[in-house]
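S.K.: sequence below, structure please.
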Amino acid sequence: MFYCPDDEAELSTGAYDAYQWYRSGVAIPGATAQTLTVDQSDAGWTFTVEATLDGCTDTSASVLVDAWMGLLPFLISGGDEPYQVDGTGSYFCQGDTSLLVIGGPYVLVNWTNNDVPIPNESDDTLRVTSSGAYSAIVALGVCQDVHMGVGVQVPISFTASEQAGIVQDGDLLCAQPEGLAYTWYLNGVELPDATAACIAPEAEGSYTVLVDQNGPCEIPSEPFLATGMGDRYDTHFTVYPIPAADEVSIQWSSGVPLQGSWCLLDASGRIVRQGKLTGSTTLRMEVATLAQGHYVFCATENHGNLHRLPLQVLR
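M.R.: Residues are numbered from 1 along each chain as shown. Down below sits the predicted model:
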């Protein structure tokens, strides 16, 4: 016989003159009625009854009383990795997600935060994106009217991300606030030699910076679009025709062949063409498939010199 926690059951026998109930062979004081009530506290014991009729006494076969107990419920954590775990809880950066999953043979009734049920959160997995102390109320699958708490709360904290900013100071772009180190990016590509708080942009495009402030949650700045840099264009190149419709030729006016790489940026700083400098003095580039507008040609020599000049494509 199996019972849910807090259930009661009645054991009974036929009609006789006298009765004595036994639990695992030991007479139960006062248990001399035709029926005997058992509950969860009797789980694991066997019961018999000794019945007397017309002076003859006989003992029944034994009956085992048991109750559904199940394994204790438990919580499994997953999702993004916390940057710190200690005796006070798990710490995440804002924007991360921690996952809590209920384990054991249980049906989840409700997730809780600081002992308060979370509305509409009754799935076996909880996505946590805000600070709190999380737990759950569960029910055993075969005894769903009996609710119990997991018995432990999981403290989770989220730390606000520290985002750098970029300000223009004359011809320089400067990171704010000050930090221990700086990593600059142009169109999402790291600039390996740009490690100072302020840099002189050498090409039009979208600049971002990551400032190391020795914090756990640091993210790059919003993009800063550098445009209007015509006064910094290189004069060691000639380009023709201007404007171009199908093909453009770029010639090094010094007549010295260059080795390195080149790229063509559109007005938003996005790379639309790129290639290698192969040691010639002239580069011919197809532009017939480009959208009409203004572009910037950039050439970087192997020893690091950067050259820039404007192009225009018309139809």
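
S.K.: how about stretch 252-264: buried residues?
M.R.: 252, 258, 260, 262, 263, 264 (16 or more other CB atoms under 10 Å). Bear in mind the C-beta positions are built from the backbone N, C-alpha and C, glycine included.

S.K.: out of these, flag the one nearest to residue 113.
M.R.: residue 263 (50.8 Å; CB to CB).

S.K.: what helix or strand is the nearest residue to that closest one once chain neighbours are set aside located in?
M.R.: In space, and not counting its chain neighbours, residue 263 is closest to residue 274: 4.0 Å by CB to CB, 6 or more residues apart in numbering. If you go by DSSP states H and E, residue 274 is part of strand 271-278.

S.K.: returning to what we had before: can you list the buried residues of stretch 252-264 in TSV and add distance to residue 238, pLDDT and secondary structure?
M.R.: Listed next are the buried residues of stretch 252-264 as TSV, based on distance: CB to CB, whole Å; pLDDT from 0 to 100; DSSP: H, G, I helix; E, B strand; the rest coil:
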residue	distance to residue 238	pLDDT	secondary structure
252	8	80	strand
258	14	74	coil
260	18	81	strand
262	15	84	strand
263	19	85	strand
264	16	86	strand
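
S.K.: for these, which one is nearest residue 32?
M.R.: Distances from residue 32 to those, taken by CB to CB, are shortest for residue 263, at 99.2 Å.

S.K.: wait, isn't that closest one in contact with residue 277?
M.R.: No: look at residue 263 against residue 277 with CB atoms under 8 Å: they stay out of range, at 10.9 Å.

S.K.: what pLDDT, on average, does the strand holding residue 274 get?
M.R.: Across strand 271-278, the average pLDDT comes to 85.

S.K.: stretch 167-178 now?
M.R.: If you average the pLDDT values across stretch 167-178, you get 85.

S.K.: could you do stretch 76-92 as well?
M.R.: Mean predicted lDDT for stretch 76-92 stands at 93.

S.K.: what is the end-to-end distance of it?
M.R.: 17 Å (CA to CA, to the nearest Å).

S.K.: who's in contact with that stretch?
M.R.: With contact meaning CB atoms under 8 Å, 6 or more residues apart in numbering, stretch 76-92 is reached by 93, 96-103, 127-128, 133, 154-159, 216-217.

S.K.: a markdown table please, covering the buried residues of stretch 252-264 and showing distance to residue 223.
M.R.: Output for the buried residues of stretch 252-264, formatted as a markdown table (distance: CB to CB, whole Å):
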| residue | distance to residue 223 |
| --- | --- |
| 252 | 32 |
| 258 | 30 |
| 260 | 26 |
| 262 | 23 |
| 263 | 18 |
| 264 | 20 |
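
S.K.: measure residue 198 to residue 263 for me?
M.R.: 24 Å (CB to CB, to the nearest Å).

S.K.: nearest spatial neighbour of residue 155, chain-adjacent residues omitted?
M.R.: Per CB to CB, 6+ apart, closest to residue 155 is residue 89, 3.0 Å.

S.K.: tally of neighbours for the one you found?
M.R.: Neighbour count of residue 89, defined by other CB atoms under 10 Å: 18.

S.K.: among the contacts of stretch 76-92, which are in strands?
M.R.: Among the contacts of stretch 76-92, DSSP state E puts 93, 98-103, 127-128, 133, 154-159 in strands.
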